[in-house]
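Student: requesting a structural model of the entry that follows:
(chains A, B, C and D)
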Protein chains: 2
Amino acid sequence: MEKILVIEDDIYISEMLCELLKQHNYAPIAAYSGTEALLLLPQGGFSLVLLDLMLPGKTGEEVLAEIRGGLSVPVIVLTARTDKETTTQLLRSGADDYIAKPFDNNELLARIDVQLRRAAPPKSEMAQLRHKDMVLDLDGFDALVDGKKAGLSKREFEILRLMMSHPNKVFTKNNLYESVWGGEFWGDDNTINVHISKLRGKLHALSPDTEYIQTVWGIGFKMSE
Amino acid sequence: MEKILVIEDDIYISEMLCELLKQHNYAPIAAYSGTEALLLLPQGGFSLVLLDLMLPGKTGEEVLAEIRGGLSVPVIVLTARTDKETTTQLLRSGADDYIAKPFDNNELLARIDVQLRRAAPPKSEMAQLRHKDMVLDLDGFDALVDGKKAGLSKREFEILRLMMSHPNKVFTKNNLYESVWGGEFWGDDNTINVHISKLRGKLHALSPDTEYIQTVWGIGFKMSE
DNA sequence: AATAAAGTTTAAGACTTTTTTAAGATTTAA
DNA sequence: TTAAATCTTAAAAAAGTCTTAAACTTTATT
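Tutor: Purely as a prediction, here's the structure:
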């Protein structure tokens, strides 16, 4: 969950902000002065800073300058002054965005979204397949359930990739053998069964109550409904 | 010089924009319709898009959707509608920022600045990649662990640079060979293994207890978790 | 309910891939 | 041109995966 530092001296506004952020699944941390903010910031872990301009201790401008001196966290400034002079100056001095007080909750959330999306390391590719709560990471060659890795072997991964790219198809052993092993299927082969078993075992370890691979008796296997 | 695509059907505004951009050392390219923009975009090279919402051919919203479908170029929308509804929707649907028409030149320039700064991380930061306690110094062509140099060879450095720029991806030997050696991979080649081994040896000398490069059996290598 | 057929699981050995070492070939730098 | 560094090849050792086989379980059929 993304930690957001809320730098705002007005307790009423601060609480309102934190409440709003919590409701939208962020983890807000409140700082009530510029100095307090500068104490909290180096401990890191913040994905974004919401900064009120008028602060006791240090002004928002000073805080902004110090943040920009050493950190790359995105900063959205809350300001009552919306004249072009001020806002332009703000953007120039390192703010990533600003929003006028009083602000609209949805616009604030949208702007937070944009900054977080921007700041997030550019995911090289969203190369992934999904099935229920499992993600098959095609770059990482592994399956994940809420971030936990299954540790698939190559064959296991390839079976899953094949099946997940056609989630409604039932794969015969013949199908699987030809795609994954790349040869013709010799009827009396138990290899696939063993691999499916291992695969289920690894997925089961991540999420004991979910069935991912379904047996279709007399035919083969498919991804569960 | 940064190329900026100006998508605006009003010739007067378009020229004014291009003139402003030229004066500030950008290279503006004008598109006078959504369809024209979509023809120009794939040819790439644009650092930023200025998008008017009301367009002939395709609406701005459609153009925005198509851009977001495949490109990561930042988009600033020019809009006359500034109600929260519209602007929030814009940001949600992939715009990076918007500016109200008629706009203030300085504010526009500031916002362009912000987006370009965001899109192209500052070079000082670009000049290094980090992984655990190791820093890959792209200027110095070497890896460092608390200031100590690994003394990488060219190939070793390039392997590490490739892998560290996609820290979650598993690189097959094919991947590595094609990127680092620049040719096609000849399956029975042990060269990469030897280089990885040497590389690990040098990193190990700097930090004996840290694993930097992880083997993914049957597939390839990746940066360790 | 008994039987046959199909699927599942386990464990051990076969097999493949990776690691390491060392020597020879090639490239780079002085 | 020579010396040094780097790269490639080769081979043996180490590590991990895959297949086989056998015992067990579930499902379908008579």
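Student: pretty sure A:Gly60 contacts A:Glu66?
Tutor: No - with contact defined as Cβ atoms under 8 Å, A:Gly60 does not reach A:Glu66; the gap is 10.7 Å. Placement of C-beta: from N, CA and C, glycine included.
Student: show me which residues of chain A sit near DNA strand D.
Tutor: With Cβ under 7 Å from any atom of the strand as the criterion, chain A comes near DNA strand D at residues A:153-156, A:181, A:189-191, A:194-195, A:217-218.
Student: now, which of these lie close to chain B?
Tutor: Restricting the residues of chain A next to DNA strand D to those touching chain B (Cβ under 8 Å from any Cβ of the partner chain) yields A:153-155.
Student: format these as a markdown table; extra columns: pLDDT, secondary structure and distance to A:Ile112.
Tutor: Listed next are these as a markdown table, based on pLDDT from 0 to 100; DSSP: H, G, I helix; E, B strand; the rest coil; distance: Cβ to Cβ, whole Å:
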| residue | pLDDT | secondary structure | distance to A:Ile112 |
| --- | --- | --- | --- |
| A:Ser153 | 93 | coil | 41 |
| A:Lys154 | 92 | helix | 41 |
| A:Arg155 | 92 | helix | 43 |
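Student: tell me the bridge partners for A:Leu144.
Tutor: A:Val135, A:Lys149 (DSSP bridges).
Student: any idea how many residues pack against it?
Tutor: 16 (other Cβ atoms under 10 Å in any protein chain shown).
Student: these two touch, right, it and A:Val135?
Tutor: Yes - using Cβ under 8 Å, A:Leu144 is in contact with A:Val135, at 4.9 Å.
Student: buried residues, the strand ranked longest in chain A. List them.
Tutor: If you go by DSSP state E, chain A has its longest strand at strand A:46-52. Within strand A:46-52, the residues scored as buried using 16 or more other Cβ atoms under 10 Å in any protein chain shown are A:46-52.
Student: mind listing the helices for chain A?
Tutor: For chain A, the helices defined by DSSP state H cover A:11-23, A:34-40, A:60-70, A:84-92, A:105-119, A:154-164, A:173-176, A:191-206.
Student: so can I have JSON lines of these showing distance to DNA strand C?
Tutor: Shown next, in JSON lines, are these (distance: least, Cβ to the nearest atom of the strand, whole Å):
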{"stretch": "helix A:11-23", "distance to DNA strand C": "42"}
{"stretch": "helix A:34-40", "distance to DNA strand C": "42"}
{"stretch": "helix A:60-70", "distance to DNA strand C": "36"}
{"stretch": "helix A:84-92", "distance to DNA strand C": "43"}
{"stretch": "helix A:105-119", "distance to DNA strand C": "34"}
{"stretch": "helix A:154-164", "distance to DNA strand C": "8"}
{"stretch": "helix A:173-176", "distance to DNA strand C": "7"}
{"stretch": "helix A:191-206", "distance to DNA strand C": "3"}
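Student: before we move on, back to that, tell me which of A:Gly60 and A:Glu66 has more neighbours.
Tutor: A:Gly60 (23 against 15).
Student: distance check, the more buried one against DNA strand D.
Tutor: For A:Gly60, the distance to DNA strand D (Cβ to the nearest atom of the strand, to the nearest Å) stands at 51 Å.
Student: ditto for A:Ser224
Tutor: From A:Ser224 to DNA strand D the distance is 14 Å (Cβ to the nearest atom of the strand).
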